[in-house]
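# what's the 3D shape of this:
(chains A, B and C)
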Amino acid sequence: MIEWQWGLVWELAPRFVDATGKTLFAAGGGYGIAVVLGLVFLAMQRVPLPAVRVATREFVELIRSTPLLLQIFFVYYVGPQFGLILAPWTAGLIAIGVHYGAYLSEVYRGGIESVPKGQWEAARAINLPTVTAYRRIVLPQALPPAIAGMGNYLVGIFKDTPMLSVIGVAELMHTATTIGAESYRYLEPYTMVGAIFLAISLPAAFCVNAFEKWVRRKLGMAK
Amino acid sequence: MTEETGRYPLRLEGDGVPMVRFQKVTKRYGPLVVLDELDLDVAPGEMVTIIGPSGSGKTTVLRMLMTLETIDGGVIYVDGEPLTHMVRNQGLVPANSAHTRRMRSKIGMCFQHFNLFPHMTALGNCMEGPVQVLKLSRKEAEERSMELLEMVGMADKRDEHPSRLSGGQQQRVAIARALAMRPRIMLFDEVTSALDPEVISEVTSVIRRLVSTHNLTMLMVTHQMGFAREISDRVCFFFNGSIEEQGPPAELFEAPGRERTRQFLNAVLEAN
Amino acid sequence: MAYLDFLQTHGDRLIDGTVVTVFQFFLATAVAVSVALLFGLMRLSQNLAIRSVAVGYIEIFRGTSLLVQLFWIFFVLPLFGINLDKFLAGFLAVGLNMGAYGAELVRGAILAVPRGQWEAAVALNMPRSRRMWRIVLPQAFLIMLPPWGNLVIEILKGTALVALISVTDLMFEVRQINIATFKAVEAFGTAILVYYAMARLFVTPCMRALERAMARKTGKA
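Now for the predicted structure:
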């Protein structure tokens, strides 16, 4: 039976603090890309060209139903085949950004579709132009349900960053594996990674919930 | 859609131009014919109530007039001008959005489920159209809205969101919101159907006041036979997408000429 | 066609990998469904201790990453004398992780069954367990099927991670092919298409068929 060594935990702490920073950076950067790409995917599914709509729809489905790990490998290794070498960080952020962009476009779509038809009709009945109806009536109501989804995927992207370790991004998981290889200690590094994830994602999920409720209250739509 | 010349006039002229005219209006949902070559005229200032069994096309009449539905045949005229169509090269072509928006400004509507904007206060709901569409200043829009909220007895709830209002209160705000656009035609689509019995009179008394003080043309779909009888100039009984029978309320309710009307009225009165 | 050559050369490995992925997927799904039902019901228990265990389980598995859990189970558990074969560790980790998400779906669906249904069952004087099994769960099942459709796709995607503990699934095989040939587009591209085909042509239609069958059975269609 193996013993938990607190000494090792303190010794490793600085490296994990550093790696936590990198993990948060990867999650934040990937999320930034995803938020924008999600809007692009959404817009492309609403253009008046059926071919673009269908192609985008199919692309979003493809991204959502295949493993992120595979997409990370794809982005990282396809470049060199054509003479284009991407740094692990670049490839990782692109892969994770596109993956979550596909999810976020569905969140945006769901938010807009959750606004009852009667709201559109009432906007029409007071003769609001379409753009104004979106801006004043539909989007403010689409926001609270979208915030919940967006927040969940922010936590989700954070929890998926360990996959970037496979192409050598030095985030938490990569650091733990390196330490394991150096010291033949696995208990503390992997447990610490788990604990760090728990310590960040649980409060984050709580904050997302609180934020959603706050927005609802702010808009006078408390459930 | 091209229309035969002469069959549908480019505009209605002369004495006694109706405020609303449905001419051979057809509406289908797939194979289902909801309105079957409907003809209906409503005179300026007239209050017309539409009754009939569910699925008879009553609500569709109002929704088409509000341009919430597309038209599959025929033409609707409002205030002498085609609503669903516009004039191009001496003929009628389907209306574009500019024409639709110009014509729509003459019409206001209240819905069964109120459809108030939940993220705006009662006052915000009323000011939305005047500010965003009519481009009134906020001060003017607020004055106009407060006057109307006063009229429907909701002035003290001006800063409440819809979720804090009862059904009757929400519907009164919805009426004020529609009136704030100064329409010439008001449409009431089963405005009391979603209300608890004890608050129905809040809404009907507002409509009653509107009839006596405003020179509005009104179309109302309702299941409140007593109210329809008291307030209407004319009652239309719809059956299977067309008007089975119409006339002054006293006549239609006292001595219906058609068997179907009689059956419907008996069934409804028995239920009450 | 160079791509046809590629398929011909590596077809056996691709098929072997796909078969392993399919096995991992079915076993992980079975684990996830059992775990979800168990902890979902425990989460609704009136007993505080039982409820706390369920909350702890769900929050820990949802709060940390699947990859972390997989490595913990495979690399750390042996240190406590629990040696799991990599194949078993693989689908077990995926199933335990996804089951935590599923438990929340179970709980949400049970709570979404209208109160009147519970009350009607009480009025018929049914015992508590019968109310749950005969009245509430069948309706809850129908409510939770659509979100389970998404979760099952997540399970399929999750199984790709088992390649990282050297289970020879599709992900593992195409990675080996890439290392040997540097044909990344063909190797990873083929795998993406295979996963997509499994999700789109098999998993989703099956879930839809199940939804329709259940809807018919409960008289909702």
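
# Okay, helices next: where are they in chain C?
Assigned by DSSP state H, the helices in chain C fall at C:2-43, C:48-63, C:66-71, C:86-112, C:115-123, C:128-130, C:137-158, C:170-181, C:184-197, C:204-217.

# Please identify the deepest-packed of those helices.
Each of the helices of chain C was scored by mean neighbour count; the highest is helix C:66-71, a mean of 24, by mean count of other Cβ atoms under 10 Å in any protein chain shown. C-betas here are computed from N, CA, C, even on glycine.

# need the helices for the stretch 51-200 of chain B, in chain order.
B:58-65, B:97-104, B:122-132, B:138-151, B:167-179, B:200-213 (DSSP state H, counting those that start in this stretch).

# Of all these, which one comes closest to residue B:15?
Among the helices of the stretch 51-200 of chain B, the nearest to residue B:15 by Cβ to Cβ is helix B:97-104 (22.4 Å).

# how about low-confidence regions in chain C?
C:1, C:220-221 (pLDDT under 70).

# One more pass at 80, please.
For chain C, applying pLDDT under 80 flags the ranges C:1, C:218-221.

# can you check chain A too?
Residues of chain A that meet the cut-off, pLDDT under 80, sit at A:1-2, A:219-223.

# What parts of it come near chain B?
A:116, A:118-119, A:121-122, A:124-129, A:132, A:136-137, A:140-141, A:219-222 (Cβ under 8 Å from any Cβ of the partner chain).

# one step back: of the helices of chain C, which is nearest residue A:165?
Once these are compared by Cβ to Cβ, helix C:66-71 is nearest, at 7.8 Å.

# So the closest one, near chain A or not?
Yes - interface with chain A: helix C:66-71 contributes C:66-69, C:71 (Cβ under 8 Å from any Cβ).

# Ok, stretch C:160-177 next?
Yes - judged by Cβ under 8 Å from any Cβ, stretch C:160-177 comes into contact with chain A at C:160-161, C:163-164, C:171, C:174-175.

# Kindly reformat these as CSV containing distance to residue C:203.
Supplementary listing: the residues of stretch C:160-177 next to chain A in CSV, determined by distance: Cβ to Cβ, whole Å:
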residue, distance to residue C:203
C:160, 14
C:161, 18
C:163, 19
C:164, 22
C:171, 17
C:174, 20
C:175, 23
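
# Columns distance to residue A:69 on top of the helices of chain C, output as TSV?
Listed next are the helices of chain C as TSV, based on distance: least, Cβ to Cβ, whole Å:
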stretch	distance to residue A:69
helix C:2-43	12
helix C:48-63	19
helix C:66-71	9
helix C:86-112	12
helix C:115-123	42
helix C:128-130	42
helix C:137-158	8
helix C:170-181	6
helix C:184-197	10
helix C:204-217	21
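
# For residue C:189, state which of the residues of helix C:66-71 next to chain A is nearest.
Closest to residue C:189, out of all of these and judged by Cβ to Cβ, is residue C:67, at 23.3 Å.

# Contacts only, for that closest one.
Residues counted as contacts of residue C:67 (Cβ atoms under 8 Å, 6 or more residues apart in numbering or on different chains) are A:162-163, A:165, A:173, C:161, C:164.

# Give me the distance between it and residue A:71.
Per Cβ to Cβ, to the nearest Å, residue C:67 is found 15 Å from residue A:71.

# just to revisit the earlier point, let's have the helices of the stretch 51-200 of chain B in JSON lines, adding mean pLDDT, distance to residue C:100 and mean neighbour count.
Shown next, in JSON lines, are those (pLDDT from 0 to 100; distance: least, Cβ to Cβ, whole Å; neighbours: other Cβ atoms under 10 Å in any protein chain shown):
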{"stretch": "helix B:58-65", "mean pLDDT": "95", "distance to residue C:100": "47", "mean neighbour count": "24"}
{"stretch": "helix B:97-104", "mean pLDDT": "94", "distance to residue C:100": "50", "mean neighbour count": "16"}
{"stretch": "helix B:122-132", "mean pLDDT": "95", "distance to residue C:100": "43", "mean neighbour count": "24"}
{"stretch": "helix B:138-151", "mean pLDDT": "96", "distance to residue C:100": "51", "mean neighbour count": "17"}
{"stretch": "helix B:167-179", "mean pLDDT": "96", "distance to residue C:100": "42", "mean neighbour count": "25"}
{"stretch": "helix B:200-213", "mean pLDDT": "93", "distance to residue C:100": "50", "mean neighbour count": "16"}
